[in-house]
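Undergrad: Dropping the sequence and predicted coords here.
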Amino acid sequence: DTGVSQDPRHKITKRGQNVTFRCDPISEHNRLYWYRQTLGQGPEFLTYFQNEAQLEKSRLLSDRFSAERPKGSFSTLEIQRTEQGDSAMYLCATTERQLTNEQFFGPGTRLTVL
Amino acid sequence: GENVEQHPSTLSVQEGDSAVIKCTYSDSASNYFPWYKQELGKRPQLIIDIRSNVGEKKDQRIAVTLNKTAKHFSLHITETQPEDSAVYFCAASSSASKIIFGSGTRLSIRP
């Protein structure tokens, strides 16, 4: 599969626990985006990277959220001290900026905080 | 701030009829307008996009129009089929940065 992949696909955790999600982009896609989608809503932008540089963070991204892309390839999104309001689908998307604006989405990680 | 509004939130049309979804955006710097289709439990999939230097684009049964002056853009689906049933999102972006999505339209095709 040469598309964007995300792991895990589902995560159930208890309130207060930390969770980490991983996104593997399409090869040679230098921009990587994280979005959050709640039921019945469109995806909301969280943050994005160009190679290893984090270029923008949404004000939605509280200090409990951190994202990294250390080698400019895969990225991780960590949520510390999870809250029930963090329950959502976390989507990763990547794009090859020089060719197109089109963002290719991964299958998402569904987080449920109990 | 940046915002994309989408209407209607739900739309039901008879199979074979046309469906129209309308969006407005607030950021004048937006120059790329993709439309995504999302089926239940699946990832958003790009179905068509338009750039700010073009007023209209068509791909088989799907067409998009853009009015930059009014900051309006629309999706038109003709000859609708059952497999068109899904949630559709309009979106706006500037210079390959983040995409701002609308709130979605749940389209149902009645047989």
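TA: Thanks, I have the structure now.

Undergrad: The closest residue to residue B:102 other than its chain neighbours: which element?
TA: Residue nearest to residue B:102 in three dimensions, not counting chain neighbours: residue B:6, with 3.0 Å by CB to CB, 6 or more residues apart in numbering or on different chains. Bear in mind the C-beta positions are built from the backbone N, C-alpha and C, glycine included. Secondary structure from DSSP states H and E places residue B:6 in strand B:4-7.

Undergrad: Mind listing what's buried along that strand?
TA: B:4, B:6 (16 or more other CB atoms under 10 Å in any protein chain shown).

Undergrad: Quick check, the residue in chain A closest to chain B?
TA: residue A:42 (3.3 Å; CB to the nearest CB).

Undergrad: leaving aside the residues next to it on the chain, what's closest to the residue in chain B that chain A sits nearest to?
TA: In chain B, the residue that lies nearest chain A is residue B:101 (3.3 Å; CB to the nearest CB). Nearest residue to residue B:101, sequence neighbours excluded (CB to CB, 6+ apart): residue A:42, at 3.3 Å.

Undergrad: one step back: for the residue of chain A closest to chain B, list the residues it contacts.
TA: B:6, B:89, B:91, B:101, B:102, B:103, B:104 (CB atoms under 8 Å, 6 or more residues apart in numbering or on different chains).

Undergrad: Poorly predicted segments of the chain, please.
TA: All of this refers to chain A. A:1-2, A:97-100 (pLDDT under 70).

Undergrad: That was the other one, I meant chain B.
TA: Checking chain B against pLDDT under 70 turns up B:1, B:96.

Undergrad: Please give the element, helix or strand, for residue B:89.
TA: Secondary structure assignment for residue B:89, by DSSP H and E: strand B:86-93.

Undergrad: Direction included, what does the helix or strand just after that strand pair against?
TA: Scanning forward in sequence from strand B:86-93 by DSSP H and E, the next helix or strand is strand B:99-101. When pairing is defined by DSSP bridges, strand B:99-101 lines up against strand B:86-93 (antiparallel).

Undergrad: In contact with residue B:84: list those residues for me.
TA: B:19, B:77, B:107, B:109.

Undergrad: Bridging across strands, which residues link to residue A:111?
TA: Assigned bridge partners for residue A:111, using DSSP bridges, are residue A:11, residue A:88.

Undergrad: Just give the number of residues close to it.
TA: 20 (other CB atoms under 10 Å in any protein chain shown).

Undergrad: mind listing what it touches?
TA: Residue A:111 neighbours (CB under 8 Å, 6+ apart): A:11, A:12, A:13, A:19, A:21, A:79, A:82, A:86, A:87, A:88, A:89, A:90.

Undergrad: Could I get the full set of strands for chain B?
TA: Under the criterion DSSP state E, chain B contains strands at B:4-7, B:10-14, B:19-25, B:32-38, B:45-51, B:56-59, B:62-67, B:72-77, B:86-93, B:99-101, B:105-110.

Undergrad: With chain A instead?
TA: A:5-7, A:10-13, A:19-24, A:31-37, A:44-50, A:53-57, A:65-68, A:75-79, A:88-95, A:104-105, A:109-113.
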